[in-house]
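K.L.:
I'll drop the sequence and a predicted model, then ask my questions.
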Amino acid sequence: ADKFITVASTTSAENSGLFREILPQFKQKTGIAVRVVAQGTGQALDTGRRCDADVVFVHDPASEEKFVAEGHGVKRHGVMYNDFVLVGPKSDPAGVAGGKDITIALKKIANTKTPFASRGDNSGTHKAERRLWQAAGIDLEKAKGPWYREMGSGMGATLNTAAQMNAYLLTDRGTWLSFKNPVELAILVEGDTRLFNPYSVILVNPTKCPNVKKDLGQAFIDWLVSPEGQKAIGAYQIGGKQLFFPNTNANS
Amino acid sequence: MNTLGLAFQQAIDMISRGDPELVEIVLLSLRVSLTATLIASGIALPIGAATGVAKFPGRQVLIVIFNALMGLPPVVIGLLVYLLLSRAGPLGDYGLLFTPTAMIIAQTILIVPIVAALSRQVIEDAWSEYSEQLRSLGAGLTQSALTLLWDTRFSLVTVVLAGFGRAAAEVGAVMIVGGNIAGVTRVMTTAIALETSKGDLPLALGLGIVLISLVLLLNAVAYGVKRIAQRRYG
Amino acid sequence: MNTLGLAFQQAIDMISRGDPELVEIVLLSLRVSLTATLIASGIALPIGAATGVAKFPGRQVLIVIFNALMGLPPVVIGLLVYLLLSRAGPLGDYGLLFTPTAMIIAQTILIVPIVAALSRQVIEDAWSEYSEQLRSLGAGLTQSALTLLWDTRFSLVTVVLAGFGRAAAEVGAVMIVGGNIAGVTRVMTTAIALETSKGDLPLALGLGIVLISLVLLLNAVAYGVKRIAQRRYG
Amino acid sequence: MGYPGTLLPLQLDGVTFTAGGRTILEGITARIEAGPRTVILGPNGAGKSVLMRVCHGLLAPTAGTVKWNVPDRPGRRRQAMVFQRPVMLRRSAWDNITYALKLAGVARKDRDRRAQAALEQVGLSRLAQSQARVLSVGEQQRLALARAWAMRPEVLFLDEPTAGLDPTATGEVHRIIQAIHDAGTKIVMTTHNLGLAKYCADEILFLNEGRLLEQTPAERFFTQPASAKAHAFLCGELLWH
Amino acid sequence: MGYPGTLLPLQLDGVTFTAGGRTILEGITARIEAGPRTVILGPNGAGKSVLMRVCHGLLAPTAGTVKWNVPDRPGRRRQAMVFQRPVMLRRSAWDNITYALKLAGVARKDRDRRAQAALEQVGLSRLAQSQARVLSVGEQQRLALARAWAMRPEVLFLDEPTAGLDPTATGEVHRIIQAIHDAGTKIVMTTHNLGLAKYCADEILFLNEGRLLEQTPAERFFTQPASAKAHAFLCGELLWH
Ligand SMILES: Nc1ncnc2c1ncn2[C@@H]1O[C@H](COP(=O)(O)OP(=O)(O)OP(=O)(O)O)[C@@H](O)[C@H]1O
Ligand SMILES: Nc1ncnc2c1ncn2[C@@H]1O[C@H](COP(=O)(O)OP(=O)(O)OP(=O)(O)O)[C@@H](O)[C@H]1O
Ligand SMILES: [Mg+2]
Ligand SMILES: [Mg+2]
């Protein structure tokens, strides 16, 4: 039968169309088909933990480290990064547009109690968002009110919802660029180094999961971090804009 | 302990603790699904009775359409209601999107075809027995339809329960039009979906167990009431 | 043009273009849902007939349980099947997770209660007429159940169509156990969910229109066949 | 009791009815006048019940016409029929009657009075509150007659009204039919009870295999029927084998 | 035709049956022997049909016992019953018979032979391929008799077998019942047709309001019934009002 591996991936990598672009190149080179199961980072790691994927492709450094430390994964490989952006209504009721400091923007939003849509699903994006609130010195537990809406859904759904609620939200640039229902939303804050969003791949540990196709999985990882794979990632654009940036150097 | 065991433990925990957040979610779920079932039955039972009894041109087409609409995905209904209620949509001014009302609307649309198609079958079966007698008694189509709704009421309970089950179980529509906002539009099924996407399968399953226990309880009550009434009124 | 208009245009486009990717997704959807309906009917109709006909201890409990299971959320079923088929689960060795087989299993479990509960009602209604005659003829319970399945077959068509509709429309279960892998386990409903999350609402709706057209076609065929058979065999 | 003569006569012209690939009625032409009690006789499967349904407007003839003197569209309210196998609604005997009266547009206070009188007529007062569907076959037959009678129709179709009745009930039903007739209601009836036919009939329609073989005054029919088939029928000699 | 005498006698002891809050049968004690044709008489609602169902094992008595000489558990295969309102399965007349025979475990080749003979007996050969449910009432009645007769039961319950039958059919059914009896089958029958009762009965059970008022040899019953009620019944004078 055909050679294939199963990759449990964060939704942003799949929804942005990246895989659709680069996987055929990988298949042509190696003959290995990659089956991508798009899930939230939390669920993707859980899938790996249950040995149901050969490789996980996620973006939450803290839980990734835990995943490897507990022996579920072999090793983290940084693959690429993009960044988070603060998106909000074009009318910008909190007056944050053009700022470079995300914490200032968040403070303004909290102080004016302008609607903010949080993923609220423990995803990589959600965790990053909470780190940023913390960095802004805002205790969410206290500041929370009807303005802070925990959507409990994926990035796309949250964008759909925020667009209707005139709410601010944090999203990754890849999903934003590929999102087709922007309505009244626009990027208001970007470029802060704290908005850095690194993606990693991890081979699921074959000693814990004997069914893992370790050679094929490793081949995929190797290709992603190889110059060829990195070039493919960097070449992916939507509307002339690059979504992801190669990141081999950031390997830890 | 395995996931299933954990799930049961979580379910028992949540129930015995009476977790106020859970209680809120449960009550909203019940409110949304029961209201939708009520409204949908009010709309669909007459439709079912009419298509079961009357022979009008286009009746067969209507029957096929309702049968087919039982296969309309909740997500699609969600999207349609979303477009309808969105600020850019025709009913945008009412500000109903992301409210329980929006969820009730979506679930109502979801189950109307189910209740209509199934009740049509029940009523049509009864009609083959009653038809000549009722027509001879001078009953018009409306009166015949009403008579049959009454005479088959015990069978229709199962039909309505099927509609309720569908409403209680669906997530696609309420997720889109409700937005799964914590404390506002989060219901059992969207909470389950959320925990699943977080990878917290035991909690997701635990919520599932709570939900199905609830539905079970409601069904037991409905069945009990039906049995008693059936014994009394034959 | 508004979203709905775009959606229709997309749908017509996709169909007229015969987009090979769409064709593949459509065929997989049909394969999964029809197979699940077939298997589920094979399991559930006998259960429905048995609970409709036999008076055994626990029968009423069973009826309530099946009625309630109509309200079991697809996501929960998805999770249960996921745990079962996961490498860490009891059937992990078969490597069925993220395959069409897993999706068929999940959908089968989803619709067995629906077909069982609804067919039980149809058969119970008929049984009240046939009971004494069949018992007098010496029919055992099994034979009575089979006789009633045959004699009510035209009504059961609607029940099976309800099951098929549920299978064709659900997304929660197939998403979890299938994984929505492009070219492998992507079906209409998961594709719709994906496009929705990408914010491409016109495409999502367009796919929805394609799906419902398909279901409509199937229902029309089923109804036509039923009518012809009914006319011939009364 | 109604407005005798307005609905009638009923004129059937070449009435043919086919179903399931069989011709069940074939070219029946007859005129049914106000007044005389009409009894339809014929062997099993002759088409008597189908003919009654056609007259009552429940079945549309495949060919030919059925014409009442006054078109009786609004819900057949001036006719009533007791079916050979009456269907009882899932309610009490009492409610079966009052519900029918309600459908016929009878005022509430009249309903109760009529229901009581009708149940008494057929000897079912004692069972007024019983579920109609658990009554014995004979009791249901009587309830159906009570229900039809309570409607005060101008034309009353009776399909085998005494089948399944005990001897007393049969006698009473003879009497009731007589009373209804005397009150001006047109009776059209089928029966296999030749005694009843002789007692009640003013004219006989004799059906055989879907054809109307004769329409004859009763007296003559029983003494010298025109058709050989009718003669054989009366002697119980219509052969099957 | 079976093994006469093995199932019978049937012994009823204090059989009581209540339903819907009413006592329908009350303390019925009777012994039904092999041989004589037993006819159950009584007014509408007396409980005749319920009593037959209890004997046939379709209803369990609320109190008292029903005892066959040989327990007849395996599917009532040695008894058959023709209901007052027979239920036809949704198939052809022919299939209604062969299907019943299949249920009774009759070999395939015998089924066809028996079905043909039975349909001929009741004069329905012509309608063998018709859907049973569209047959006329009388035809269904006859089909039900054919179906029961084809089973070759040891005991045959007949609930109003001639209601709805035309005079020829009634005569034929008399003859068929006679033939079945002669072949050794025990006949238990209800009828409101006193002529048929006189012709067929060897002994009479007279029921009234759920009570067994007498069990008498037929000859004596018709000339000097023991109970006043039976006397009134025979004269058609049981009053309702
Ligand atoms: N829908 C139908 N399709 C086919 N045949 C039919 C249909 N309805 C009636 N028949 C046939 O038409 C014939 C006449 O039926 P009908 O009920 O009028 O007889 P009838 O004279 O009332 O007999 P009975 O004395 O038994 O009541 C029967 O042989 C019956 O099988
Ligand atoms: N399930 C039931 N619940 C309540 N009452 C019942 C039930 N079954 C029968 N009855 C009553 O029992 C009485 C006897 O019924 P049964 O059918 O035995 O009468 P029958 O003697 O056969 O009368 P008929 O001559 O009319 O056939 C009737 O009054 C009927 O209403
Ligand atoms: Mg008839
Ligand atoms: Mg009876």
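P.N.:
Okay, I see it. Ligands and ions are numbered 1, 2, ... in the order given.
K.L.:
so where do the helices sit in the stretch 1-150 of chain A?
P.N.:
For the stretch 1-150 of chain A, the helices defined by DSSP state H, counting those that start in this stretch occupy A:11-15, A:18-30, A:41-49, A:61-69, A:102-112, A:124-135, A:140-143.
K.L.:
how about the fifth one: buried residues?
P.N.:
What it means is helix A:102-112. A:102-103, A:105-110 (16 or more other CB atoms under 10 Å in any protein chain shown). Where C-beta positions appear, they are placed from N, C-alpha and C, glycine not excepted.
K.L.:
what does it rub up against?
P.N.:
A:86, A:93-96, A:99, A:114, A:116, A:132-133, A:135-138, A:143, A:168, A:188-189, A:192, A:194-195 (CB atoms under 8 Å, 6 or more residues apart in numbering or on different chains).
K.L.:
could the helices of the stretch 1-150 of chain A go into JSON lines alongside distance to C:Leu110?
P.N.:
As requested, the helices of the stretch 1-150 of chain A are exported to JSON lines (distance: least, CB to CB, whole Å):
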{"stretch": "helix A:11-15", "distance to C:Leu110": "24"}
{"stretch": "helix A:18-30", "distance to C:Leu110": "29"}
{"stretch": "helix A:41-49", "distance to C:Leu110": "21"}
{"stretch": "helix A:61-69", "distance to C:Leu110": "32"}
{"stretch": "helix A:102-112", "distance to C:Leu110": "42"}
{"stretch": "helix A:124-135", "distance to C:Leu110": "30"}
{"stretch": "helix A:140-143", "distance to C:Leu110": "38"}
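K.L.:
mind putting those helices in JSON lines, mean pLDDT included?
P.N.:
What follows is the helices of the stretch 1-150 of chain A, written out as JSON lines (pLDDT from 0 to 100):
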{"stretch": "helix A:11-15", "mean pLDDT": "83"}
{"stretch": "helix A:18-30", "mean pLDDT": "93"}
{"stretch": "helix A:41-49", "mean pLDDT": "89"}
{"stretch": "helix A:61-69", "mean pLDDT": "93"}
{"stretch": "helix A:102-112", "mean pLDDT": "93"}
{"stretch": "helix A:124-135", "mean pLDDT": "91"}
{"stretch": "helix A:140-143", "mean pLDDT": "86"}
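K.L.:
so which of the ones you listed gets nearest ligand 3?
P.N.:
Distance to ligand 3, taken as CB to the ion, is lowest for helix A:41-49 among the helices of the stretch 1-150 of chain A, at 69.3 Å.
K.L.:
Remind me what the closest one packs against, helices and strands.
P.N.:
Using 3 or more CB pairs under 8 Å, 6 or more residues apart in numbering or on different chains; DSSP states H and E as the contact criterion, the elements in contact with helix A:41-49 are strand A:3-10, strand A:32-39, strand A:55-58, helix A:61-69, helix B:188-197.
K.L.:
can you give me the angle that helix makes with helix B:188-197?
P.N.:
60 degrees (axes from the mean of the first three to the mean of the last three CA atoms, to 10 degrees).
K.L.:
what about helix A:41-49, distance to the chain center?
P.N.:
14 Å (CA atoms, centre = their mean, to the nearest Å).
K.L.:
Now it - C-alpha only, CSV.
P.N.:
Once non-C-alpha atoms are left out, helix A:41-49 reads as follows in CSV (Å, rounded to 0.1, in the frame of the first residue of the first chain):
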residue,chain,number,x,y,z
THR,A,41,-2.9,22.3,19.9
GLY,A,42,-4.3,20.7,23.1
GLN,A,43,-6.2,18.0,21.3
ALA,A,44,-3.3,17.5,18.9
LEU,A,45,-0.9,16.8,21.7
ASP,A,46,-3.5,14.5,23.3
THR,A,47,-3.7,12.6,20.0
GLY,A,48,0.0,12.2,20.1
ARG,A,49,-0.1,11.0,23.7
